[in-house]
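Colleague: next input, structure requested:
(one chain, ligands or ions: 1)
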Amino acid sequence: MKPLIAGNWKMNGLQAARCEIEALIRKFAGSAPDDRDVLICPPATLLANFASEYADEAIQIGAQDCHAETSGAHTGDISAEMLADAGAAYVIVGHSERRADHGETDQVVMSKAQAVLRAGLTPIICVGETREQREAGKALDVVGTQLAGSLPKTGEEIVVAYEPVWAIGTGLTPTLEDIGEMHDFLRSKTPVNTRLLYGGSVKPGNAKEILAVTNVNGALVGGASLKADDFYPIVQASTGQM
Ligand SMILES: O=C(CO)COP(=O)(O)O
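Modeller: Okay, the predicted model is just below:
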């Protein structure tokens, strides 16, 4: 399965951040990675410009969220069709920060994922347990419930990202055994063509070992995707791993 290394810039990046995209593309010069997909999800303010400027380059551009409906009276929201029109290839849905900050339920996440598919794009559907849930031995149960509630029943391509909430932005990661156990579980619950990403404190120093875990088909990277010097080695760590 072709790995997907995705960067989620979250609410970071002004126009000047294009220098990081350009630095990343320069690093790929002459060896565009056709054995893996590289994706950057900048803030919506940068998406259309980045997608048009870098359309023929080694990277793809995605979005971090969408509204479930096509258009209408939803001030401040952006539909999946608008993101497709702006040049997005993927849309992250159900990130734990949106589940926490905006009260998004599994049902909301599923309707957003369906909207992404309706627009002809690929959803990256995020799931993951809190620290309390892991310590209580409930990680598989919690993620299983999120999967059952958030994944559209479809034969179309979807991507699932396992992001333990307690590993995001903390420098903490599960053991490789725990990542492997969760990804084996995800594999058993998702269509065979589903790429399964790990996310949560992926850095240049740990990417290779995480990406080598069975059924880890890529990474969803937050902080380390903001700088080309950090993101590039993570992309390179995926080479030949799958
Ligand atoms: O939330 C994440 C990506 O969506 C992970 O963030 P960090 O890589 O900063 O831990």
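Colleague: helices and strands of this structure: which one bottoms out on pLDDT?
Modeller: helix 18-27 (a mean of 94; mean pLDDT, DSSP states H and E).
Colleague: check contacts around the closest residue to the ligand within the chain.
Modeller: The nearest approach of the chain to the ligand comes at Gly222, 2.2 Å away (CB to the nearest ligand atom). (Glycine included, C-beta is placed from N, CA and C.) Listed by CB atoms under 8 Å, 6 or more residues apart in numbering, the contact set of Gly222 reads 7-8, 10, 168-169, 199.
Colleague: same check, this time on Pro42
Modeller: With CB under 8 Å, 6+ apart, Pro42 has these contacts: 9, 13, 17, 50, 61.
Colleague: which members of the contacts of Gly222 occur in strands, if any?
Modeller: Among the contacts of Gly222, the members found in strands (DSSP state E) are 7-8, 199.
Colleague: quick one: the helices in this protein?
Modeller: Under the criterion DSSP state H, the chain carries helices at the ranges 18-27, 44-53, 80-86, 96-101, 106-118, 131-135, 139-150, 176-189, 207-211, 228-237.
Colleague: between those, which gets nearest to Met1?
Modeller: Nearest to Met1 among these is helix 176-189 (10.5 Å), distances taken as CB to CB.
Colleague: buried residues in the closest one, which are they?
Modeller: The neighbour-count check on helix 176-189 (16 or more other CB atoms under 10 Å) flags 179-183, 185-187 as buried.
Colleague: quick one: Pro198 and Leu220 touch, right?
Modeller: Pro isn't right for residue 198; it's Tyr. Yes. Assessed by CB atoms under 8 Å, Tyr198 is found in contact with Leu220 at 7.3 Å.
Colleague: which ones are touching Thr154?
Modeller: Neighbour list for Thr154: 114, 117 [criterion: CB under 8 Å, 6+ apart].
Colleague: ok, back up a step: the residue of the chain closest to the ligand and Pro43: what is the separation?
Modeller: Gly222 sits 13 Å away from Pro43, going by CB to CB, to the nearest Å.
Colleague: intersection of neighbour lists for the two?
Modeller: Lys10.
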